[in-house]
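Enquirer: sequence? don't have it. structure:
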DNA sequence: GATGAATGAGATTTCATTCAT
DNA sequence: TATGAATGAAATCTCATTCAT
């Protein structure tokens, strides 16, 4: 059996299960979790309504499984092994570009994760996962501070919150049609955020 | 205290109406728009269910009235007359502090506005108001660019999106309990964002 | 105190009471009893909602009072003293014309009485009144049979049901816009109904 | 037995759908459309409340479907092919008898159709159907006039309105318990109505 | 007496979930 | 295992009636 990216919950992959998760993502991204009825998802996944309940205990469970899967997906996309000698600035640029690429290639995933209406559905595991992901990012920032790359007059959590908030808001503004990001906009924003992180 | 903007919709204030809006804000901030039934709001406002429908045509209309009122409130809070000779850096610091104060004093308002699950309820007026508010902020940024205060190698929309996104995410992280912002955190974050805006 | 036409229930006349009954008639004729809310009637009568409940115990009581008043009105309109020597054919023509005139002059009264959606509201008194009115008409037919004017191979009730049904349906068809009744249509219909009643 | 007209709306028959329509007819005939709540119908049909909404978009849609079905049913019952050589008087007698039979066999259908409180619910299709049915009857009368069977000093619409009004009122009076129709009453009424139609 | 804002029981409708096939 | 028709609890909304002013 091939090694498989660990999905958050130990859940057997299967074509139907995958189809359901994809359909749910598509519909949730369009209309929000509350705006989508379970039979809608079934129709989009081309399975029977009851089949969804064979793979997920409830709509809530489906939302959580999807949340955890997408959270894992974006994390997998963003995470890179950093070798000791790598140029930190190039690493930051790389991270920035990956995130932009992810949002461009997976707009539905991005929308679903940033749409906040799944929040009342999230269970302990999902919330724990979210916390873990945040902590991992904070830890990375702290390392960069210790290496003298990031300025240390600002707590790592604060740096992270600023950069992540900026990044997410740029993408949301673009998806909402408020702005359109050119290559140079993206680079300019990236450099501006670098000024947030990096010392004088 | 900042000048208060005129309440968005031309609706006669009345104690019951006010109580309903307050109750709705409290409940929506807690559980999301979709997680709150109209009788819940009525109970919290200590009015009959039917009374809500005397003041608002529907739950949707209530959400829109609340959205517009809170949007106007935060705008009123943030907006200041800028005299030509004012120090731009002090103005930025002032803006930053006002926003932090607003979030501290009106956590429910902030949560409601940033909770995205009202989006499917928003009508043309609400969306237009949101756009107007954004445009006003962009215009302010453009002026600062023209005055040579903000760097001009980054479009004003981009600057705005970064700073606003950062600000909102800091507050959300605090409200979610992920971080706790001290005075110096707030000042540090403010200065970091100033580095986003201001030239070299 | 002036002599006053006996309203079915012993109810004190008063300007407000009259205004309420008129408003109710107007609105019921437009939208049906079920399609009209009590505050609508109050608005049309230019009185407070509560005032209606000073004059009538309930919406049901109002419907009954109106039913009885209008039933009495149409009866008063149709009833004539018949002197022994009067020409029976002229009497019939007269009755026919009165009914047509009534429907023309009081379209709302006619519509309300023929609209059937008040039926579930009617109380014992209203139903008794309706029965009494019918019996009076049957009795008149019987007298005409005894006088040899109406044919006696058909029970008086049957004759009445036919003529009244025809008359009402003609007026309803006109009010619904299905037909438009000219003078000669009315006379032709009258003569056709005379053929129902009169012998050989 | 008369040829049955195609069910008005192109809706797939199904046991549940049929049960719902039957239950609705029974309850509406008893208490009027406004006097019956949807769960009442569901209980009578022995289905869940939600099931009604699987088959009909709304209570209004259910009323219209029922109206159209019953209108089609009575039309199918009344309509016969007339061969050129048929005796017109026998045809009239036959029509009369069919209508009486229908009312006897389908008292609820008759009551529902004559109860006017469905009127505010009727949609364009239902009103168009009603008009079509009326026009068909008028046309039949006109043909009889052209054949010299019906007198031509009275417009066909007027003849129809009289005869139909008489017929309906007889049945209503019987259903209301005001009169009881014997065989000879029915024949006498029929012959009286023939005198309305037929010449000289 | 007159008012009309307030009420809450009850109506219509939705949708997450079940279960017979 | 897969299905989707059926369900009924719960949501939104209406309106006859009350009662403090």
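Expert: Perfect, thanks for sending it. Treat the numbers as computed from the prediction; the structure is a model and nothing was measured.

Enquirer: the nearest residue to residue A:20 once chain neighbours are set aside and chain D, how far apart?
Expert: Leaving aside its chain neighbours, residue A:20 sits nearest to residue A:45 (4.7 Å; criterion: CB to CB, 6 or more residues apart in numbering or on different chains). (Glycine included, C-beta is placed from N, CA and C.) Using CB to the nearest CB, to the nearest Å, we find residue A:45 at a distance of 21 Å from chain D.

Enquirer: and the residue most central in space within chain A, what pLDDT?
Expert: Note on chain A: the residue nearest the mean C-alpha position is residue A:74, at 4.2 Å, using CA atoms, centre = their mean. On pLDDT, residue A:74 comes in at 94.

Enquirer: do you know how far it is from chain C?
Expert: In terms of CB to the nearest CB, residue A:74 sits 54 Å off from chain C.

Enquirer: outline the domain layout of chain A.
Expert: A:11-56, A:63-197 (automatic domain parsing).

Enquirer: how about those in JSON lines, adding distance to residue B:81?
Expert: Below are the domains of chain A laid out as JSON lines (distance: least, CB to CB, whole Å):
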{"stretch": "domain A:11-56", "distance to residue B:81": "39"}
{"stretch": "domain A:63-197", "distance to residue B:81": "26"}
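
Enquirer: closest to residue D:13 out of these?
Expert: Nearest to residue D:13 among those is domain A:11-56; the distance by CB to CB comes to 23.4 Å.

Enquirer: hang on, the earlier thing: hang on, the residue nearest to the centre of chain A packs against residue A:103?
Expert: No - using CB atoms under 8 Å as the test, residue A:74 is too far from residue A:103 to be in contact (9.2 Å).

Enquirer: shared neighbours of these two, anything?
Expert: Residues touching both residue A:74 and residue A:103 comprise residue A:110, with contact defined as CB atoms under 8 Å, 6 or more residues apart in numbering or on different chains.

Enquirer: in stretch A:53-70, which residues are buried?
Expert: Residues of stretch A:53-70 classed as buried: A:55-56, A:59, A:61-70 (neighbour count, 16 or more other CB atoms under 10 Å in any protein chain shown).

Enquirer: just put the residues you listed in TSV and tack on distance to chain C.
Expert: Output for those, formatted as TSV (distance: CB to the nearest CB, whole Å):
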residue	distance to chain C
A:55	48
A:56	45
A:59	39
A:61	45
A:62	44
A:63	42
A:64	46
A:65	49
A:66	46
A:67	47
A:68	51
A:69	52
A:70	50
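
Enquirer: from the residues you listed, pick the one nearest residue B:174.
Expert: When those are ranked by distance to residue B:174 (CB to CB), residue A:67 comes first, at 22.3 Å.

Enquirer: quick one: pLDDT of the closest one?
Expert: 97.

Enquirer: which secondary structure element contains it?
Expert: With secondary structure defined by DSSP states H and E, residue A:67 is part of helix A:59-78.

Enquirer: what about that helix, near DNA strand E?
Expert: Yes - Helix A:59-78 lies within reach of DNA strand E by CB under 7 Å from any atom of the strand, at A:59-60.

Enquirer: touching that helix from outside, list them.
Expert: A:5-9, A:11, A:20-21, A:24-25, A:28, A:33, A:38, A:41, A:52, A:56, A:95, A:98-99, A:101-102, A:106, A:109-110, A:112-113, A:118, A:121-123, A:125-126, A:129-130, A:133, A:136.

Enquirer: can you do 6 Å?
Expert: A:7-8, A:21, A:24, A:33, A:38, A:56, A:98, A:102, A:109, A:113, A:118, A:121, A:123, A:126, A:129, A:133 (CB atoms under 6 Å, 6 or more residues apart in numbering or on different chains).

Enquirer: next one: stretch A:84-100
Expert: So stretch A:84-100 is contacted by A:78, A:149, A:167, A:186, A:190, A:194 (CB under 6 Å, 6+ apart).

Enquirer: would you mark the buried spots in that stretch?
Expert: The neighbour-count check on stretch A:84-100 (16+ other CB under 10 Å) flags A:88, A:91-92, A:95-96, A:99-100 as buried.

Enquirer: pLDDT averaged over it, what's the number?
Expert: The model assigns stretch A:84-100 a mean pLDDT of 88.

Enquirer: go on, stretch A:45-56?
Expert: Per-residue scores along stretch A:45-56 average to 97.

Enquirer: need the distance between the two termini of it.
Expert: This stretch, stretch A:45-56, spans 14 Å end to end (CA to CA, to the nearest Å).

Enquirer: distance between that stretch and the chain's centre?
Expert: 25 Å (CA atoms, centre = their mean, to the nearest Å).

Enquirer: for residue A:80, phi and psi?
Expert: Backbone torsions of residue A:80, given as degrees, to the nearest 10, read phi -130, psi 150.

Enquirer: count the residues that sit near it.
Expert: The tally of other residues near residue A:80 (other CB atoms under 10 Å in any protein chain shown) stands at 11.

Enquirer: okay, it: pLDDT?
Expert: For residue A:80, the pLDDT comes out at 78.

Enquirer: and the residue nearest to it when sequence neighbours are not counted, what element?
Expert: Ranked by CB to CB, 6+ apart and with sequence neighbours excluded, the top spatial neighbour of residue A:80 is residue A:94, at 6.9 Å. Residue A:94 is part of helix A:88-105 when elements are defined by DSSP H and E.

Enquirer: now do that helix against helix A:59-78, angle only.
Expert: Per axes from the mean of the first three to the mean of the last three CA atoms, to 10 degrees, the angle that helix A:88-105 makes with helix A:59-78 is 140 degrees.

Enquirer: let me see the mean pLDDT of whichever helix or strand comes after helix A:88-105.
Expert: Per DSSP H and E, the first helix or strand lying C-terminal to helix A:88-105 is helix A:107-114. Across helix A:107-114, pLDDT averages out at 94.

Enquirer: check residue A:2 and give its pLDDT.
Expert: Reported pLDDT for residue A:2: 35.
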